[in-house]
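> Sharing a model prediction with you, sequence too.
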Amino acid sequence: MFFLVSLLLSGCSTKQYNVVNDIPFKDDHFKECVLSYDEQQLNKFNELECSNSHITSANEIRFFPAIESLDLSNNQLTTLDVTNNTLLKTLYLPNNNLKNLDVSANPLLEFLYAYNNQLSEIDLTHSPLIKELILVGNQLHDLNITANTVLVDLLVYANALTELDISKNTQLEYLQAEKNQIDTLNISNNPNLSVLRVDPSTKIIGIPPTITPSIIDTSTPSRRSEIRIEPYFY
């Protein structure tokens with residue numbers, strides 16, 4: 001009997017669907033958003049925008065195999081399963097209540113926005129194509145981005161980082177890392193870095209002697225001509 005029950009439960013957890021109406025959505029708000037696209041075939045959904053929709057659960061996204069862009073910003077999510085969305089390139093999740101986020105099955109991910117959540121850790125080693133990473137306002141103590149060698153924009157301020165290794169991020173142009181606990185930041189291997197925002201107490205290693213760190217107005221455009229250090233963002 002135990003074996004039979006386990007088999008049935010296993011079958012339920014791996015069940016696949018082909019059309020929207022067959023999915024037993026847990027959250028009516030998420031269902032309403034999906035139905036607003038007036039499309040039934042799940043494999044035809046390349047993008048889904050469901051921001052500001054009062055959604056508390058959206059794990060049925062695992063039944064959408066063709067999703068490349070997903071926007072669930074400004075909702076009430078505590079968990080999200082995107083392990084079946086292997087084609088995902090863009091993921092917007094700001095202003096939720098996520099404590100965990102598994103993107104280990106998203107190797108094509110290029111843009112990840114998960115600011116203002118409750119993430120204490122995140123594994124990005126399986127997402128080497130990330131170009132923009134915004135993890136502002138979480139609870140991160142460590143962040144390994146050594147595998148993200150094409151990273152251009154990195155915003156991690158207002159976390160609990162004590163160190164940040166950007167030695168492998170040679171394409172990095174923009175970095176905001178203030179409101180952390182970073183004592184030293186080495187930018188010797190970041191020749192493209194143009195804007196750097198850090199706490200006044202953070203020691204910067206690798207500033208070329210010809211560059212004088214200066215505070216600039218945030219509205220001033222940077223054309224990658226010099227490194228601009230701004231101790232405070234707000």
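Received, thanks. Numbering: from 1, shown residues only.
> from what I can see residue 57 touches residue 77, true?
Yes: if you go by CB atoms under 8 Å, residue 57 and residue 77 touch, sitting 7.3 Å apart. For the C-beta atoms, the positions are set from N, CA and C on the backbone; glycine is no exception.
> neighbour count winner among these two?
residue 77 (21 against 18; other CB atoms under 10 Å).
> which residue sits closest to residue 118, ignoring its sequence neighbours?
Among residues not flanking residue 118 along the chain, residue 99 sits closest, at 4.8 Å (CB to CB, 6 or more residues apart in numbering).
> which residues sit in contact with the one you found?
Under the criterion of CB atoms under 8 Å, 6 or more residues apart in numbering, the contact list for residue 99 reads 78, 79, 117, 118, 119, 120.
> Okay, it and residue 44: tell me how far apart.
32 Å (CB to CB, to the nearest Å).
> What is the neighbour count of the nearest residue to residue 182 once chain neighbours are set aside?
Closest residue to residue 182 apart from its sequence neighbours, by CB to CB, 6+ apart: residue 202 at 5.1 Å. Using other CB under 10 Å, residue 202 has 19 neighbouring residues.
> and if you look at residue 187?
Residue 187: 21 neighbours (other CB under 10 Å).
> which residues touch the nearest residue in space to it that is not next to it in sequence?
Leaving out its chain neighbours, the residue that sits closest to residue 187 by CB to CB, 6+ apart is residue 206, at 4.4 Å. The neighbours of residue 206, taking CB under 8 Å, 6+ apart as the test, are 186, 187, 188, 189, 190.
> neighbours around the residue lying closest to residue 25 once chain neighbours are set aside, how many?
Distances taken as CB to CB, 6+ apart place residue 31 nearest to residue 25, at 3.8 Å, with adjacent residues excluded. When neighbours are defined as other CB under 10 Å, residue 31 has 18 of them.
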